[in-house]
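Student: Please find the sequence and the predicted model below.
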Amino acid sequence: MSKLLTTATTLAALLAAAPAAHAFCGFYVNGAGGEMFNDATQVVLMRSGTRTVLAMQNNYQGPPEAFALVIPVPTVLQKEDVKTLPKAVFEHVDQMGAPRLVEYWEKDPCEPDVRYKGTGQGYGVGAGRGGMRDRAGAANLGVTIEAKFEVGEYQVLILSAKDSTGLDTWLRAEKYQIPPGAEPFLRPYVESGMKFFVAKVDPTKVTFKDGRAELSPLRFHYDSDEFNLPIRLGLANSSGTQDLIVSILAPAQRYEVANYKNVTIPTNLDVKDAVRDKFGEFYAALFDRTVEKNPGAVVTEYAWQATNCDPCPGPVIAMGELATLGLDVLGGDKGKAAPFSGDAMGMVLTRLHARYGKTVTEDLVFKAAEPIVGGREHVVAGGKLEERSRPDSVNNFQARYAIRHEWTGPITCKDPVRGRWGGPPAGVTSGGVKPALDLAFAPRGAAKLPELVKQDVPEIEVTAGAPSAAVPPPTVDRGGTTPPPTAAPPAPATPPAAPPAKKSGCGCDTDGRAGAGAGLGAAAIGALLARRRRR
């Protein structure tokens, strides 16, 4: 299983060219026309006011000839707006927002009940960490080179275009083998006045390891009143359904999607010991079932303060990492960046997961959402653990699953107290909280949820122990026939939404609509978008 990258996108469209290319929210543009694919793109977005900081990491596999990426952006970027970043920060964000498996052992029912402030730590079952034409030639096609500069191994142009046909022709004339039929996907961005960030790479400055270019992550920032993710651009070279993970970092604020249905993933489920060695496969089946029962929905998997966690799959996100991702430019007046002056410790990490296909007609539009909790070792009314998600005053929601070992020793007291859980007994070791980081290539279609869960999951109509067929795997990025979800019809006043499907209690089905977006366009204002092709 390979890492299901977590990407953050905000108003950027990643273009991955070449026939049979597998795009994230855009397409790579390969000057040589050789086959390549973008199977690991991570984008981290920060959002505060009208400021968006987009950090993007691309893992490219293909020939070492020059290639480029094209991203729609709302404003003309200058050299000081763009920089390269270290890669490790992307892995850490992915790790912190990922679904997690924990393990508990029941305490001796006859031991005195000593409670400590701040419980909920789980004991995991594994260690988890996570050239260019001249300006005159461009002008003849209605294309203007607004800016030109170099950053690291990237040679950057910022383009504007009067018409999508001219832009399409210009890119092809510059030997960018963009996908056939790309012009209609470029059109809405050109018509809305978007600019295009074109970053060509000098292969002599790139290190290739095992056939994969190790490119420096890129980060840039801009101001825009709109907070959306232009995903339609990536549809040009998408042949099947794709998965998109958007992680949004914002001060004291959770986000959801405004123009598609929103649900939260079923959480706080006790699972059988067999899940220990196939957690990725189990979670992939759970996600597939959730999407099957909530067509077109975007699934919330995490909403928690970025600087703490419980249980933690590793060290929390440090202030230095938040600065790397954009705190250093998140403040200041419009058009003038400055360090963020608010409460950086209160940054909230939201992780949204969508499945999308070629029938999607709308970009993702984000809106602020009320705090939710769920997936914690918290006992509520009736002595039961909290289930699903519910509104609260703070964001404490996570996708958490537990293997529990009941007490098997002698019970010698008159009034035993059952159901108290903690760490492993003497002589038993535990490897730490296990995050599901390898979802992209997790085997799909074989895991049978009724055989792996120890309780019913009514929100997705799963009965523990009941015989059932495995959820069929979705067709992903290879021209299959699985029909992808469609975007919901618009609703007045707020970004449109589809008529709600029959409510089955899945997580937190809010009045906002979340949707899976596909796309040749990647970019979001403050969202961490993760997309990876599954093989």
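Tutor: Happy to help now that I have it.

Student: So which residues of the stretch 351-500 of the chain form strands?
Tutor: Under the criterion DSSP state E, counting those that start in this stretch, the stretch 351-500 of the chain contains strands at 364-369, 372-374, 390-391, 396-398, 400-405, 421-422, 434-435.

Student: With mean pLDDT as new columns, can those be given to me in CSV?
Tutor: Converted to CSV, the strands of the stretch 351-500 of the chain look like this (pLDDT from 0 to 100):
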stretch, mean pLDDT
strand 364-369, 92
strand 372-374, 96
strand 390-391, 94
strand 396-398, 96
strand 400-405, 91
strand 421-422, 86
strand 434-435, 76
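
Student: Turn those into a markdown table, including mean neighbour count and distance to Ser160.
Tutor: C-betas here are computed from N, CA, C, even on glycine. A markdown table is the format used below for the strands of the stretch 351-500 of the chain (neighbours: other Cβ atoms under 10 Å; distance: least, Cβ to Cβ, whole Å):
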| stretch | mean neighbour count | distance to Ser160 |
| --- | --- | --- |
| strand 364-369 | 23 | 24 |
| strand 372-374 | 23 | 41 |
| strand 390-391 | 12 | 44 |
| strand 396-398 | 26 | 41 |
| strand 400-405 | 21 | 47 |
| strand 421-422 | 18 | 59 |
| strand 434-435 | 27 | 42 |
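
Student: May I see the ones you listed organised as JSON lines, with distance to Thr204 added?
Tutor: Converted to JSON lines, the strands of the stretch 351-500 of the chain look like this (distance: least, Cβ to Cβ, whole Å):
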{"stretch": "strand 364-369", "distance to Thr204": "37"}
{"stretch": "strand 372-374", "distance to Thr204": "49"}
{"stretch": "strand 390-391", "distance to Thr204": "55"}
{"stretch": "strand 396-398", "distance to Thr204": "44"}
{"stretch": "strand 400-405", "distance to Thr204": "47"}
{"stretch": "strand 421-422", "distance to Thr204": "57"}
{"stretch": "strand 434-435", "distance to Thr204": "37"}
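
Student: of those strands, which approaches Val43 most closely?
Tutor: Nearest of those to Val43, taken as Cβ to Cβ: strand 364-369 at 12.7 Å.

Student: Now do that closest one: which elements does it pack against?
Tutor: Applying 3 or more Cβ pairs under 8 Å, 6 or more residues apart in numbering; DSSP states H and E, one finds that strand 364-369 contacts strand 228-229, strand 254-257.

Student: Comparing those strands by mean pLDDT, which bottoms out?
Tutor: Among the helices and strands packed on strand 364-369, strand 228-229 carries the lowest mean pLDDT, a mean of 80.

Student: which of the helices and strands packed on strand 364-369 is buried the deepest?
Tutor: Highest mean neighbour count among the helices and strands packed on strand 364-369 (mean count of other Cβ atoms under 10 Å): strand 228-229, with a mean of 30.

Student: other SSEs contacting that one?
Tutor: Applying 3+ Cβ pairs under 8 Å, 6+ apart, one finds that strand 228-229 contacts strand 364-369.

Student: Listing partners with orientation, what would you give for the strand it packs on?
Tutor: Sheet pairing of strand 364-369 (DSSP bridges) gives strand 228-229 (antiparallel), strand 254-257 (antiparallel).

Student: Below-threshold pLDDT in this protein: ranges please.
Tutor: Across the chain, the ranges flagged by pLDDT under 70 are 1-42, 58-68, 113-139, 177, 211-213, 234-240, 359, 430-432, 437-442, 468-535.

Student: Trp105 is nearest to which of the strands paired with strand 364-369?
Tutor: Closest among the strands paired with strand 364-369, using Cβ to Cβ: strand 254-257, at 32.9 Å.

Student: Check which element follows the closest one along the chain.
Tutor: strand 262-264 (DSSP states H and E).

Student: helices and strands around that next one, which ones?
Tutor: strand 298-305.

Student: Following the chain past the strand it packs on, name the next helix or strand.
Tutor: Under the assignment DSSP H and E, the closest C-terminal helix or strand after strand 298-305 is helix 319-322.

Student: what about Lys148, which helix or strand?
Tutor: strand 143-151.

Student: Arg187 contacts Gly166, doesn't it?
Tutor: No - Arg187 lies out of contact with Gly166 (Cβ atoms under 8 Å); the separation is 11.1 Å.

Student: Between the two, which contacts overlap?
Tutor: In terms of Cβ atoms under 8 Å, 6 or more residues apart in numbering, Arg187 and Gly166 are not both contacted by any residue.

Student: what helices or strands is the strand holding Lys148 leaning on?
Tutor: Applying 3+ Cβ pairs under 8 Å, 6+ apart, one finds that strand 143-151 contacts strand 82-84, helix 135-139, strand 154-161, helix 164-173.

Student: buried set for that strand?
Tutor: Buried residues in strand 143-151, counting neighbours by 16 or more other Cβ atoms under 10 Å, are found at 143, 145, 147, 151.

Student: List of residues touching it?
Tutor: 76-79, 82-84, 132, 135, 138, 156-162, 166-167, 170, 195, 218.

Student: what ranges do the helices span in the stretch 151-300 of the chain?
Tutor: Along the stretch 151-300 of the chain, counting by DSSP state H, counting those that start in this stretch, helices occupy 164-173, 183-191, 279-293.

Student: re earlier: will you turn the helices and strands packed on strand 364-369 into JSON lines that also has distance to Ala402?
Tutor: Putting these into JSON lines (distance: least, Cβ to Cβ, whole Å) gives the following:
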{"stretch": "strand 228-229", "distance to Ala402": "33"}
{"stretch": "strand 254-257", "distance to Ala402": "24"}
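
Student: if we compare those strands, which one ends up closest to Met347?
Tutor: Among the helices and strands packed on strand 364-369, the nearest to Met347 by Cβ to Cβ is strand 254-257 (11.2 Å).

Student: pull the CA atoms of the closest one into CSV?
Tutor: Output of strand 254-257 as CSV, limited to C-alpha atoms (Å, rounded to 0.1, in the frame of the first residue of the first chain):
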residue,chain,number,x,y,z
ARG,A,254,-13.7,24.1,10.7
TYR,A,255,-14.8,24.0,7.1
GLU,A,256,-17.2,21.9,5.0
VAL,A,257,-18.5,22.1,1.5
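
Student: Could you tell me which strands sit next to the strand holding Lys148 in the sheet, and their orientation?
Tutor: According to DSSP bridges, strand 143-151 forms sheet pairs with strand 154-161 (antiparallel).

Student: quick one, the strand it pairs with and helix 164-173 angle?
Tutor: For strand 154-161 against helix 164-173, the angle by axes from the mean of the first three to the mean of the last three Cα atoms, to 10 degrees is 150 degrees.

Student: circling back to that earlier point, can the helices and strands packed on strand 143-151 go into CSV with extra columns for mean neighbour count and distance to Ile372?
Tutor: Output for the helices and strands packed on strand 143-151, formatted as CSV (neighbours: other Cβ under 10 Å; distance: least, Cβ to Cβ, whole Å):
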stretch, mean neighbour count, distance to Ile372
strand 82-84, 18, 34
helix 135-139, 14, 48
strand 154-161, 21, 39
helix 164-173, 19, 40
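
Student: Just put these in JSON lines and tack on distance to Val275.
Tutor: Converted to JSON lines, the helices and strands packed on strand 143-151 look like this (distance: least, Cβ to Cβ, whole Å):
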{"stretch": "strand 82-84", "distance to Val275": "39"}
{"stretch": "helix 135-139", "distance to Val275": "56"}
{"stretch": "strand 154-161", "distance to Val275": "42"}
{"stretch": "helix 164-173", "distance to Val275": "47"}
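
Student: For Pro230, find the nearest of those.
Tutor: Closest of these to Pro230 is helix 164-173, at 13.7 Å (criterion: Cβ to Cβ).

Student: Could you list every helix and strand in contact with the closest one?
Tutor: Where contact means 3+ Cβ pairs under 8 Å, 6+ apart, helix 164-173 is packed against strand 143-151, strand 154-161, helix 183-191.
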